[in-house]
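**Student:** sequence plus predicted model, see below.
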Amino acid sequence: MLRARDAMDRAYAQPLDVPALARIAHVSPAHFARTFRTTFGETPHRYLQRRRVERAMFLLRETGRPVTDICFDVGFGSPGTFSRTFRDIVGRSPREYRKETAAASVPTCFTMAWARPSG
């Protein structure tokens, strides 16, 4: 399970599916999905989405790149899916998040701890 989670952490922008991750963990896809959820408290898909959103949060805070470019860079296939997922996890849209974090000038370590998604 740790090998698969580490692979998701490293290659979050790549298309990863349960069968590919199960091969990394050397188990069947069904066993992988059940065990991953039991071990880490969320499905592999949700974990990967959260990792992508965390990276997007950093890029929104630290760069002036367009939201659409960030969406594709972190591995989402469409801006609509990105915005919906970002709002589900963070509680506000990517543009709102960027606007709010731009106003706050605090150390990055504090911003990361404060802004870490909980869901």
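**Tutor:** Yes, it's here.
**Student:** how far away is Ile70 from Thr63?
**Tutor:** Per C-beta to C-beta, to the nearest Å, Ile70 is found 8 Å from Thr63. Just so you know, the C-beta spots here come from the backbone N, C-alpha and C atoms, and that holds for glycine as well.
**Student:** would you mind writing the CA trace of the longest helix anywhere in the chain as PDB?
**Tutor:** Scanning the chain for the longest helix, with DSSP state H as the assignment, gives helix 44-62. In PDB, the C-alpha atoms belonging to helix 44-62 read as follows (Å, rounded to 0.1, in the frame of the first residue of the first chain):
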ATOM      1  CA  PRO A  44      -7.400   5.700  -3.900                       C
ATOM      2  CA  HIS A  45      -9.300   8.100  -6.300                       C
ATOM      3  CA  ARG A  46     -10.000  10.600  -3.500                       C
ATOM      4  CA  TYR A  47      -6.500  10.400  -2.300                       C
ATOM      5  CA  LEU A  48      -5.100  11.200  -5.700                       C
ATOM      6  CA  GLN A  49      -7.600  14.000  -6.200                       C
ATOM      7  CA  ARG A  50      -6.600  15.500  -2.800                       C
ATOM      8  CA  ARG A  51      -2.900  15.400  -3.800                       C
ATOM      9  CA  ARG A  52      -3.600  17.100  -7.000                       C
ATOM     10  CA  VAL A  53      -5.600  19.800  -5.300                       C
ATOM     11  CA  GLU A  54      -2.900  20.300  -2.700                       C
ATOM     12  CA  ARG A  55      -0.400  20.900  -5.600                       C
ATOM     13  CA  ALA A  56      -2.800  23.200  -7.300                       C
ATOM     14  CA  MET A  57      -3.200  25.200  -4.100                       C
ATOM     15  CA  PHE A  58       0.500  25.700  -4.000                       C
ATOM     16  CA  LEU A  59       0.600  26.800  -7.600                       C
ATOM     17  CA  LEU A  60      -2.300  29.200  -7.100                       C
ATOM     18  CA  ARG A  61      -0.600  30.800  -4.100                       C
ATOM     19  CA  GLU A  62       2.900  31.000  -5.500                       C
END
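**Student:** starting at the chain centroid, how far to that helix?
**Tutor:** Helix 44-62 sits 3 Å away from the centroid of its parent chain (C-alpha atoms, centre = their mean, to the nearest Å).
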